[in-house]
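Student: Sequence and predicted structure, then a few things I'm wondering about:
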Amino acid sequence: MQIRISWPAGHLTATLDDTPTAQALRTVLPLSATANTWGEEVYFDTGVSVAGEPGAQQVVDPGTVAFWTDGDALALPYGPTPISRGDECRLASPCNLLGALDGDPRQLATVRSGDPIRVELVGE
């Protein structure tokens with residue numbers, strides 16, 4: 001499944017794996033939310049509530065599309081967060097892994113806290 005994430009200064013697509021969390025997210029697309037930033041991570045509420053999945057991780061690669069179950073939010077890290085050690089992408093808590101951004105995750109640096117964010121399916 002491919003999604004498009006758009007904000008006032010840009011957009012990226014992401015390819016998601018077929019996971020229970022990705023399927024739950026699909027049921028609410030398209031969705032609009034308000035962006036939050038935490039260090040070099042963008043996150044926003046999805047209105048979806050799911051349980052943690054096996055394989056949930058707290059330290060991920062830049063550009064990982066993660067689902068923060070504690071906040072019902074998509075988490076899109078592109079660099080260090082306030083709790084990172086060195087240059088790692090350390091999320092607030094273990095998150096379900098959904099897939100990865102298709103382009104340069106550093107484009108997320110143009111997202112400002114409070115920006116409107118839209119997520120929609122691509123090609124359907």
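Tutor: Okay, I see it.

Student: How confident is the prediction for the residue located most distally from the centre of the chain, by pLDDT?
Tutor: Relative to the centre of the chain, the most outlying C-alpha is that of G86, 21.1 Å out, by C-alpha atoms, centre = their mean. G86 carries a pLDDT value of 94.

Student: One more: the one 5 residues further on?
Tutor: For L91, the pLDDT comes out at 97.

Student: Buried residues, stretch 58-65. List them.
Tutor: 60, 62-65 (16 or more other C-beta atoms under 10 Å). No exception for glycine: its C-beta is placed from N, CA and C like everyone else's.

Student: Spell out which helix or strand contains the residue lying closest to the residue farthest from the centre of the chain once chain neighbours are set aside, please.
Tutor: Nearest residue to G86 in three dimensions, chain neighbours excluded: P80, at 7.4 Å (C-beta to C-beta, 6 or more residues apart in numbering). Here P80 sits in a region with no helix or strand, counting by DSSP states H and E.

Student: One more: the one 10 residues further on?
Tutor: Here R90, judged by DSSP H and E, is contained in strand 89-101.

Student: outside of whichever helix or strand comes after that strand, which residues touch it?
Tutor: Counting by DSSP H and E, the next helix or strand C-terminal to strand 89-101 is strand 116-121. Contacts with strand 116-121, where a contact means C-beta atoms under 8 Å, 6 or more residues apart in numbering, come from 1-8, 26, 29-35, 42, 44, 46, 74, 111.

Student: in its sheet, what does strand 116-121 sit against?
Tutor: Partners of strand 116-121 in the sheet, by DSSP bridges, are strand 2-7 (antiparallel), strand 31-34 (antiparallel).
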